[in-house]
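Asker: Build the 3D model from these lines:
(2 chains)
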Amino acid sequence: QKEVEQDPGPLSVPEGAIVSLNCTYSNSAFQYFMWYRQYSRKGPELLMYTYSSGNKEDGRFTAQVDKSSKYISLFIRDSQPSDSATYLCAMSGSGAGSYQLTFGKGTKLSVIP
Amino acid sequence: EAGVAQSPRYKIIEKRQSVAFWCNPISGHATLYWYQQILGQGPKLLIQFQNNGVVDDSQLPKDRFSAERLKGVDSTLKIQPAKLEDSAVYLCASSLRAGSAGELFFGEGSRLTVL
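Answerer: Now for the predicted structure:
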């Protein structure tokens, strides 16, 4: 079993739809949970960052972490064509020697005008 | 603020040839990372530097890959000899410090094709 599982998609939605992206993980030591967005032929950019369990909202984006289920989600409200990209979940532990990020494979999202 | 700079953006080589990639991190960022991203996969850490010392190179194929960060700023990643399976995007990233869990800033990557 891989440490981080993420459905690669592709996922295609109409403009204005609510998008739900998810990852599951197996390592209970993970404490930091991130979502990166990667446009075609570009490097990943940090979108959302959460520590431990709970929700975090930033504009149209909401990140949720459920450590009891080892499950994280990213919701995009009122999706726009500019949201079309690959979304990578990433996780790390806390404490010296455990900050290395483990990435999911990424989910490719297309928002159709 | 200037981002992470990488060059070259694209490189095509024959197998068994050598190649080198260069990275200039964000000014003041002490930690520098090289990641390998194979098509359809998430980035995989190859090596992490803290200033000019190696923190983690456990996933670096040391028989063919080498990396250095002289003077704690720029870094180069070299592959010699290249194999077909080395075809990937090589991403450089930097962060203020090693404990900046998740707050990495990536360059646009160097895309390598090995024929």
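Asker: Could you report the distance from residue A:10 to residue A:83?
Answerer: From residue A:10 across to residue A:83, the span is 13 Å (C-beta to C-beta, to the nearest Å). Where C-beta positions appear, they are placed from N, C-alpha and C, glycine not excepted.
Asker: Quick one: the strands in chain A, in order.
Answerer: A:4-5, A:11-14, A:19-25, A:32-38, A:45-51, A:54-58, A:61-66, A:71-76, A:85-92, A:102-103, A:107-112 (DSSP state E).
Asker: partners of the last one in the sheet?
Answerer: Take DSSP bridges as the rule and strand A:107-112 pairs in its sheet with strand A:11-14 (parallel), strand A:85-92 (antiparallel).
Asker: Please apply the same query to the fifth one.
Answerer: Pairing partners of strand A:45-51, with direction, according to DSSP bridges: strand A:32-38 (antiparallel).
Asker: pLDDT averaged over the strand it pairs with, what's the number?
Answerer: Average pLDDT, strand A:32-38: 94.
Asker: what angle separates it from strand A:19-25?
Answerer: In terms of direction (axes from the mean of the first three to the mean of the last three C-alpha atoms, to 10 degrees), strand A:32-38 departs from strand A:19-25 by 130 degrees.
Asker: okay, residue A:10 and residue A:83: which has more neighbours?
Answerer: Higher neighbour count among residue A:10 and residue A:83: residue A:83, with 18 against 10, using other C-beta atoms under 10 Å in any protein chain shown.
Asker: So residue B:12 is in contact with residue B:87, correct?
Answerer: No - the pair residue B:12 and residue B:87 does not pass the contact test of C-beta atoms under 8 Å, sitting 9.5 Å apart.
Asker: Give me the more crowded residue out of these two.
Answerer: Between residue B:12 and residue B:87, counted using other C-beta under 10 Å, the more crowded position is residue B:87 (17 against 12).
Asker: Could you pull up the contacting residues of the more buried one?
Answerer: B:38, B:112, B:113, B:114 (C-beta atoms under 8 Å, 6 or more residues apart in numbering or on different chains).
Asker: mind redoing it with 7 Å?
Answerer: Counting by C-beta atoms under 7 Å, 6 or more residues apart in numbering or on different chains, residue B:87 makes contact with B:112, B:113, B:114.
Asker: Spatially nearest residue to it (excluding sequence neighbours)?
Answerer: residue B:114 (4.8 Å; C-beta to C-beta, 6 or more residues apart in numbering or on different chains).
Asker: measure the one you found to chain A for me?
Answerer: According to C-beta to the nearest C-beta, to the nearest Å, residue B:114 stands 18 Å off from chain A.
Asker: Show me what that residue is bridged to.
Answerer: Bridge pairing for residue B:114 (DSSP bridges) gives the partners residue B:13.
Asker: do residue A:71 as well
Answerer: Those that pair with residue A:71 in a beta bridge, by DSSP bridges, are residue A:24, residue A:66.
Asker: Pull the number of nearby residues for it.
Answerer: Residue A:71 has 13 neighbours, counted by other C-beta under 10 Å.
Asker: thinking again about what came up before, buried among the contacts of residue B:87? Make that a ChimeraX selection.
Answerer: Here is the ChimeraX command that picks out the buried ones among these, judged by 16 or more other C-beta atoms under 10 Å in any protein chain shown:
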select /B:112,114
